[in-house]
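>>> my questions are about this predicted structure, shown below with the sequence.
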Amino acid sequence: MEQIGLALQETLEADAKVRKTGEERLRQLQSTPGYIIQILQLVVNEQGAPQIRMAAAVALKNFVKRNWGAAPEVEMSQQDEEQFRQMLLEAMFSTKANIQEILSNALYLIGQRDFPEKWPELVPYLSKFLSGGDFNHLVASLSSMEQIFRKFRYQSKSTELWRELLKCLLSTQEPLTLLLGSMMEVVGRKDQLGADEINQWLKVLNLIAKVYHSLCAQEIPEYFEDHLQQWMGSFLALMPIECPTQISNSGEPAIIDELKTEICEIFTLYAQRYEEEIAPFVPQIIQSVWRLLETTGADTRYDTMVCASLEFLSMVSQRQYYESHFTGEGVLKTLAENVCVQNLLLRQEDMELFEDEPLDFMKRDIEGTDVGTRRRGAIDLARALCRRYEAQMMPCLGEIVQTLLASNDWIKIDIVYSLITAIAVKSETAKGGVTATNPLININDFFIGQVATHLNSDVNQLPILKADALKFAVTFRNQLAPEHLLSTIRAADALLSSNTTILHKYAAYAIDKILLKDVNKVFSSQNLPVASILQNLVSAFDKDAKAQNSPYLIKAILRIIVILDENTIRHADAIATKLAQLVAGATKNPADSIHTHFLFETICVLVSKTKTIGGSLDAQLLPLIEVIFTEDLEDLIPYALQITGVLVSACISRQNPIDSYFNFLPFLLSERLWARSANVPAALSVLEVLLSVNSQTVFAQHSEIILQHMSRLISSKVLDQHGFQLASAIVPVIENIQHKDAMGFMLNTMFRRVQSAKTPKFMKLFVVFLCKFAITRSAMDLVKACDAVQPGMFSMIMEKVVIPELPALKNLTTAPEKRIIAIGSANILADTTNIVAGYYGNLAAEVATLLESASASDRAVLSPDEEQEAMYNAEGEFVNPFCRLSYAPKSAPIAPGILNHKAYFAQSVLIRGPSNNQAVLTCVPQEIISYLTTIQA
């Protein structure tokens, strides 16, 4: 424990070298048995220095995050895990404030994997603390429940999920309801409490509401339905309360605002899902929400609460059940003028955000992080009202739009953009933009009448309207005519020279999105001013010191480079210099992660487009790659590795020597690099290229470590796919490896897994590997290699393992894997016919059946642009844990000369095999022969 404490102290030092030493020492110590328990003891040691306790808590959470996920870096014994879980529970209730919050988060991370199967006592233990009066314990218990139960809000219904939900309900529903009752008793005497006591009380109420929300999200539980009067009555009583001591920090919501937001979300859930049960309360709820909107000020602290209130109104306006509340005289007009328009109006703080924190403004405006803002709530309400009451709302909103336009006031015209978008959009996706529009709105006419005017006016005037215009063009890029999109890109080029740097980002955003969706290849380097755009994009980086904190500019550069042709690629050297500068900047100061990803994507494209020109990029990038490796910049290493592979491939294409790249081998093969799972795919991509070109040099000093990496990966249930990838790269050049029995070592590693720890995934990988072996070397080599381990091993593996496993692989294998199995099996049947004669018919039948089954993934190979789109989830968040570059070279398909793998397999079964031993054909079932005859080329 003393060593851990010293290492933690070093991680807090100002000297970067000392910090790095401490981090490395901590990384080494985490592999020692009992590490996590010792670090927890440091956290709870009240005699320890506060900074060490905090550092220990953070290190503990990071350890849990890395080792309770899909690819643990450290294997823990079951006994250590059980002891740690129990100690963590106790520690969470004995600590306070920030440390307690960190431990609660660690507990949640463990619960994600272990609850309820491995940790059934978790929720019952937490529930025990709901009956006490200790606010610290209540907050700890409820905070943990809130995190654990949140998944019930978004996960799809399943028997397993409902079983887990039932267990949680049985432990919490009654004590949670009783706790609500005791907290509501405080309402009458809240003014007698001090500020801290009120804060704690509201925090507990807020957590109660959050837990209740999660528990009701799948279906209304019977117990809560029986006590609905108490719950809804309590929520309605809390909506109008005021607590003057609750103040906001920097415009952030106070606890009371968060509580009312959560209550509004619960109202929305119930009105949407449980209409009949909540019907008696709806009039009071609508009145309560309306009053909240009327009495709430314009401060930003209330934005999320106002948005939740507007969301409630948006939802109930769509239900016929509540129609009478909206069809009264003047109600819809009041909602349009007093609610929608007023909440769309830019405030002083919004304009300050536009000028002072442009990236935050853009995230709200175009990236979907405006959830919780008044504007988003108002747009959604206007859209909902138009959908349900189109006949009444369209004339009303049309009149409002005309009045706003006639004012010629830019701040009112800004509202018009939001209103037109709200009215026009029928459906849209975060990735693809608008997919359906209101036929009553002519998008192209509005572009000509308003958008084009704003885009083409003085680049330094009315910047917000220019941002609106660019956003409009992107939003409706699927509906606008090509000539309007072309003029938008040209206007964006001009706006890159504006004095307002935020417009550079909006312009780049427009260029990126429009070109990304150009499936018909309307735009090219022939009809776009690519040289000007590239120059202006590069200049935009120089004009803004914070440009690397967002991905907009680099993504636009990527899109332009992708469409460069042989004539326009001559600008590559200037671009390369800028890209190298950006990489250098990223090595010194962390940049935005998406910016970093697309920076390396851009380098990939540039290398591939200039690989026949010369090696100018190599000279600029290699020293930077070396810096990334030597300074162990974890976030950049996977990218640096992939770029190294790209540069090696480019050198090979140019027939240039690659000797300098072998200097990276000690780092490329280091234990530390391969210990981090995110590095493994990238490291493999480089190693595969080097082995294919000069395996003798690679194996000269590194044979043992390569075999160790392969063995460790194949033995891992999480990373075994990478082990087989490495084994497949070694097999063609295994003669050059400096090991007395490399083949035997490799196969024995696999056979041990087959015997003692096989999984469906492993068996698929194993069968595919054997077939790949039979393709890259030969079927006879495969027989000899297996039989060298033990005489008769090949036939035993085929009869006892491969053939029995093939039926289970039908729906597990992808189309490329089925192709490999077809070709490999064909070689085994045709080239080792007499060895496999005893099970020739069984093998042929099982493979033929597998080839006709549905594949695990029959989707077409994605283009790099499609791959990048796939890196964003449904909510538009960037998700790419292995830092995979979509423009990096892909492995060449195995046996490219075989165009029809099914015909190849049929010929082997029906012709090539029987030519060696005519009797084997009689072992093949007649229906298989008939099927194979139909596909024989």
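Okay, I see it.
>>> show me where the stretch 601-750 of the chain has its helices.
In the stretch 601-750 of the chain, the helices defined using DSSP state H, counting those that start in this stretch lie at 616-630, 637-653, 665-668, 671-675, 680-715, 720-730, 742-756.
>>> most tightly surrounded among those?
Comparing the helices of the stretch 601-750 of the chain by mean neighbour count (mean count of other Cβ atoms under 10 Å), helix 637-653 comes out on top with a mean of 23. Backbone N, C-alpha and C define where each C-beta goes, glycine included.
>>> give me the distance from it to the chain's centre.
Centroid separation for helix 637-653 versus its chain: 25 Å, with Cα atoms, centre = their mean, to the nearest Å.
>>> now swap in stretch 539-549 and tell me
Counting by Cα atoms, centre = their mean, stretch 539-549 comes out at 26 Å from the chain centroid.
>>> swap in stretch 437-444?
Distance, centroid of stretch 437-444 to centroid of chain: 34 Å (Cα atoms, centre = their mean).
>>> redo the helices of the stretch 601-750 of the chain as JSON lines? Include mean pLDDT and distance to residue 125.
Below are the helices of the stretch 601-750 of the chain laid out as JSON lines (pLDDT from 0 to 100; distance: least, Cβ to Cβ, whole Å):
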{"stretch": "helix 616-630", "mean pLDDT": "84", "distance to residue 125": "45"}
{"stretch": "helix 637-653", "mean pLDDT": "90", "distance to residue 125": "40"}
{"stretch": "helix 665-668", "mean pLDDT": "93", "distance to residue 125": "46"}
{"stretch": "helix 671-675", "mean pLDDT": "89", "distance to residue 125": "34"}
{"stretch": "helix 680-715", "mean pLDDT": "94", "distance to residue 125": "35"}
{"stretch": "helix 720-730", "mean pLDDT": "96", "distance to residue 125": "36"}
{"stretch": "helix 742-756", "mean pLDDT": "95", "distance to residue 125": "35"}
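>>> possible to save those as JSON lines with distance to residue 832?
Listed next are the helices of the stretch 601-750 of the chain as JSON lines, based on distance: least, Cβ to Cβ, whole Å:
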{"stretch": "helix 616-630", "distance to residue 832": "45"}
{"stretch": "helix 637-653", "distance to residue 832": "35"}
{"stretch": "helix 665-668", "distance to residue 832": "37"}
{"stretch": "helix 671-675", "distance to residue 832": "36"}
{"stretch": "helix 680-715", "distance to residue 832": "25"}
{"stretch": "helix 720-730", "distance to residue 832": "20"}
{"stretch": "helix 742-756", "distance to residue 832": "17"}
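>>> looking at those, which is closest to residue 799?
Closest to residue 799 of the helices of the stretch 601-750 of the chain, according to Cβ to Cβ: helix 742-756, at 13.3 Å.
>>> what does that closest one contact?
Helix 742-756 is contacted from outside by 703, 707, 710-711, 714-715, 720, 727, 730-731, 734, 739, 762-763, 766, 769, 785-786, 788-789, 797, 801, using Cβ atoms under 8 Å, 6 or more residues apart in numbering.
>>> ok and it relative to helix 680-715, angle-wise?
Helix 742-756 runs at 70 degrees relative to helix 680-715, counting by axes from the mean of the first three to the mean of the last three Cα atoms, to 10 degrees.
>>> between helix 742-756 and helix 720-730, how big is the angle?
160 degrees.
>>> right, and the helix or strand after the lowest-mean-pLDDT helix or strand in the chain?
In the chain, no helix or strand scores lower on mean pLDDT, DSSP states H and E than helix 864-870, which sits at a mean of 58. Downstream of helix 864-870, the first helix or strand assigned by DSSP states H and E is helix 901-907.
>>> where does pLDDT dip in the stretch 751-900 of the chain?
857-882 (pLDDT under 70).
>>> can you give me the helices for it?
Taking DSSP H, counting those that start in this stretch to define them, one finds helices in the stretch 751-900 of the chain at 760-776, 779-789, 793-797, 803-805, 815-831, 840-852, 864-870.
>>> and the first one, what does it pack onto?
If I follow you right, that is helix 760-776. Using 3 or more Cβ pairs under 8 Å, 6 or more residues apart in numbering; DSSP states H and E, the elements in contact with helix 760-776 are helix 720-730, helix 742-756, helix 779-789, helix 815-831.
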